[in-house]
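# Pasting a predicted model and its sequence here:
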Amino acid sequence: MKLSRNTWIILLIVFNIAIDQITKLIVRAEVVPGSQTPIIGDIFTLHNVENSGAFLGMGSDFHPTLRLILLLILPTVVLGYVVYYIITNKSLDRYSLIGFCCIVGGGVANVYDRIVYGSVTDFFHIDLGGVFRTGIFNVADMSVMFGMGLLLFASFKSRKTNKTTT
């Protein structure tokens, strides 16, 4: 049985949402809020932090109306447009399509948390001895970053293909 393109799109988005929500459910149930647990020493640690803002907590101190607009309404409109775009644009290459699906899945998962819980549960942290250090993030954030990486890769691949054909 061959699945349609739109079915693959929906399944990939739902998969990203499900993996994120399952990991957050486990963290909320099993990890003490505010704690820090080493996974790989101090390099990779597990936390349980509620983030009422966006990336790295930005916007958490905004007025509630502004936070509603910038962290719920605007992302929902943008995610809706991206879904429309990927469903209607049949010329997207496979990497771009998967990238957009990962971005939408991660975005929807975090918007869902903001609606249901009033904040987003973050739990991973990486610190490579001060050389590279992240904020505390979650699987939805990883989906969005992976999707952005795929879009960049697709862009460079497309540009390289266009140069060789001209």
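Nice, I can see it.
# what residues does the least confident helix or strand in the chain by mean pLDDT touch?
Counting by mean pLDDT, DSSP states H and E, the chain has its least confident helix or strand at helix 64-68, which shows a mean of 81. Outside helix 64-68, the residues within contact range by C-beta atoms under 8 Å, 6 or more residues apart in numbering are 52-53, 59-60. C-beta: built from backbone N, CA, C; applies to glycine.
# Taking these, tell me the two that lie furthest apart.
The most widely separated members of the contacts of helix 64-68 are Ser52 and Gly59, with 8.3 Å between them, by C-beta to C-beta.
# Now do the buried residues in stretch 91-101.
If you call a residue buried by 16 or more other C-beta atoms under 10 Å, then stretch 91-101 has these buried ones: 92, 95-101.
# So which of those is the closest to Val120?
Looking across these and measuring by C-beta to C-beta, the closest to Val120 is Cys101, at 19.9 Å.
# Just the C-alpha atoms of whichever helix or strand the closest one is part of, please, in PDB.
With secondary structure defined by DSSP states H and E, Cys101 is part of helix 94-117. Coordinates of the C-alpha atoms in helix 94-117 are reproduced here as PDB (Å, rounded to 0.1, in the frame of the first residue of the first chain):
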ATOM      1  CA  ARG A  94      12.200  15.700  -0.200                       C
ATOM      2  CA  TYR A  95      14.700  17.400   2.200                       C
ATOM      3  CA  SER A  96      12.700  20.600   2.300                       C
ATOM      4  CA  LEU A  97       9.400  18.800   2.800                       C
ATOM      5  CA  ILE A  98      10.800  16.800   5.700                       C
ATOM      6  CA  GLY A  99      12.400  19.900   7.100                       C
ATOM      7  CA  PHE A 100       9.100  21.900   7.000                       C
ATOM      8  CA  CYS A 101       7.300  18.900   8.600                       C
ATOM      9  CA  CYS A 102       9.800  18.800  11.500                       C
ATOM     10  CA  ILE A 103       9.500  22.600  12.000                       C
ATOM     11  CA  VAL A 104       5.700  22.400  12.000                       C
ATOM     12  CA  GLY A 105       5.600  19.400  14.300                       C
ATOM     13  CA  GLY A 106       8.000  21.000  16.800                       C
ATOM     14  CA  GLY A 107       6.100  24.300  16.600                       C
ATOM     15  CA  VAL A 108       2.700  22.700  17.100                       C
ATOM     16  CA  ALA A 109       4.000  20.700  20.000                       C
ATOM     17  CA  ASN A 110       5.300  23.800  21.800                       C
ATOM     18  CA  VAL A 111       2.200  25.900  21.000                       C
ATOM     19  CA  TYR A 112       0.100  23.000  22.400                       C
ATOM     20  CA  ASP A 113       2.100  23.200  25.700                       C
ATOM     21  CA  ARG A 114       1.500  26.900  25.900                       C
ATOM     22  CA  ILE A 115      -2.200  26.400  25.400                       C
ATOM     23  CA  VAL A 116      -2.700  23.500  27.800                       C
ATOM     24  CA  TYR A 117       0.000  24.100  30.400                       C
END
